[in-house]
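> Provide a 3D model corresponding to the input given below.
(one chain, ligands or ions: 1)
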Amino acid sequence: MKRTLDDLAVFGGTAAFSEKLYVGRPNIGNRERLLSRIEDMLDRRWLSNDGVYLQEFERTVARMLGVRHCIATCNGTIALEIAIRALGLSGEVIVPSFTFIATAHALQWQQITPVFCDVDPRTHTLDPDCVERLVTSRTTGIIGVHLWGEAHHVEALEALARRRGLKLMFDAAHAFACSYGGKMIGNFGDAEIFSFHATKFLNTFEGGAICTNDDALAEKSRLMRNFGFAGFDKVIYIGTNGKMTEVAAAMGLTGLEALDEFIDANLANYRSYTRELEGIPGATLRTYDDTRRQNYQYIIVEVDEAVAGIARDALVELLHAENIVARRYFYPGCHDMEPYRSLYPGAGAGLPNTARLARQVMALPTGTAVGEAEIRTICQVVRFACSHGREITRSMNSRAPEATGEA
Ligand SMILES: *Cc1c(COP(=O)(O)O)cnc(C)c1O
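Numbers count the residues shown, from 1 in each chain. This is a model prediction of the structure:
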């Protein structure tokens, strides 16, 4: 319990937790099921290349999402790269800057210019009016990002893409098992991609997938995932190696069996955070739209320094000292990182909402590794920090430089 400034670990007090609490500790399903699948694949000596677990994983995901095709890959970034290439994107593609860097890198990696667009401050996703203003004669597509698992403005983006003859893709890395307008995410635009990285809602250690209802695009993506091989010794296309291994698919299948548990744990945590963060001055929990299917994987708080008296960055530093490893998702915004910062130095001018969110947003620990007791303690620290923000800020600023741990 923090009662005075001296209780805070940044000022020499005892940390609230003896071990670090992380955002996105992996969700792990039933160990025995996983190990028996691994035993089986070792017995059969089939570890990659369209194995039985891979096929079962793809079929199960496609059925669950109600989508025609699921092409599983070795990670989400390769899924983005392959989908971008299979869709024939070139020139300029409009993307949000308020996203994980891979969304932009997947374009720049293949000499396509990511044109950074601002987000709707309410939804944290692409603002369709802003997208429209950025369309030029070189624009070939739009990649929206369903940040925190929630899709927004999908109809407006689809209409805009149709009207301007553009391809539309979604980076749905956060949005596995989420729905929009009564349909599962995975069905929107020309293609949607998922990430099954260890820290994501569903994980395959590392992994990803392209989902689409377009048969030709699916066929092309499959070829590209496997060097363009259409059969033994027969390459008909340029490709890369984007294959998901059997052990990854086995992990994915095991996770799928535990999906309801993962959701229940995340939802219980979200409810605890909702209750415990209630009424804290300047710290606002981002709420989920409960009318949709959600995975509740991200606990997102906007910190308003003008009200809390403490800036997000100082609050994150304070929390880290307590062994609460809060994260600045997504700071500083893709346009402000290299190579984009140097390549497109003017990009920041049109991104006021992105700039504010990158300054104010933090993610707090959740997932199956965190429970109600931890959340109560985390929120007590946040409440204390935001209720004594000005004093804390003054004291943090007046610490000797070597005491900040930044030397
Ligand atoms: C995690 C993530 C990716 C990249 O996925 P990997 O599987 O780590 O390659 C892409 N976009 C977003 C928004 C992500 O959060």
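
> What segments of the stretch 1-150 of the chain are helices?
Ranges of helices within the stretch 1-150 of the chain are 31-44, 52-65, 76-86, 102-108, 128-134, based on DSSP state H, counting those that start in this stretch.

> Please disregard the earlier target; I meant the stretch 251-400 of the chain.
In the stretch 251-400 of the chain, helices defined by DSSP H, counting those that start in this stretch lie at 259-277, 305-308, 312-321, 340-343, 352-360, 372-387, 389-397, listed in chain order.

> Could I have the CA atoms of the fourth one written out in PDB?
Right, helix 340-343. Only the C-alpha atoms of helix 340-343 are listed here, as PDB (Å, rounded to 0.1, in the frame of the first residue of the first chain):
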ATOM      1  CA  TYR A 340      10.700   6.900 -41.600                       C
ATOM      2  CA  ARG A 341      11.800   9.900 -39.500                       C
ATOM      3  CA  SER A 342      14.600  10.600 -42.000                       C
ATOM      4  CA  LEU A 343      12.800   9.500 -45.200                       C
END
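
> Please work out how many residues are found near the residue of the chain found nearest the ligand.
Closest residue of the chain to the ligand, C-beta to the nearest ligand atom: residue 76 (2.7 Å). All C-beta spots, glycine's among them, are computed from the backbone N, C-alpha and C. Per other C-beta atoms under 10 Å, the neighbour tally for residue 76 reads 26.

> check contacts around it.
102, 171, 173, 193, 194, 195, 196, 197, 200, 207, 208 (C-beta atoms under 8 Å, 6 or more residues apart in numbering).

> count of neighbours near the last one?
Applying other C-beta under 10 Å, we find 28 residues neighbouring residue 208.

> Do me a favour and get the backbone dihedrals for it.
When read as degrees, to the nearest 10, the backbone of residue 208 gives phi -170, psi -180.

> unless I'm mixing things up, it is touching residue 82, no?
No: taking C-beta atoms under 8 Å as the definition, residue 208 is not a contact partner of residue 82, at 9.3 Å.

> Quickly list what's touching both of those two.
Counting by C-beta under 8 Å, 6+ apart, the contacts common to residue 208 and residue 82 are residue 73.

> Residue 184 versus the closest residue in space to residue 297 that isn't next to it in sequence, what's the distance?
Among residues not flanking residue 297 along the chain, residue 201 sits closest, at 4.3 Å (C-beta to C-beta, 6 or more residues apart in numbering). Using C-beta to C-beta, to the nearest Å, we find residue 201 at a distance of 14 Å from residue 184.

> of those two, who's got more company?
Using other C-beta under 10 Å as the criterion, residue 201 and residue 184 rank with residue 201 on top: 28 against 20.
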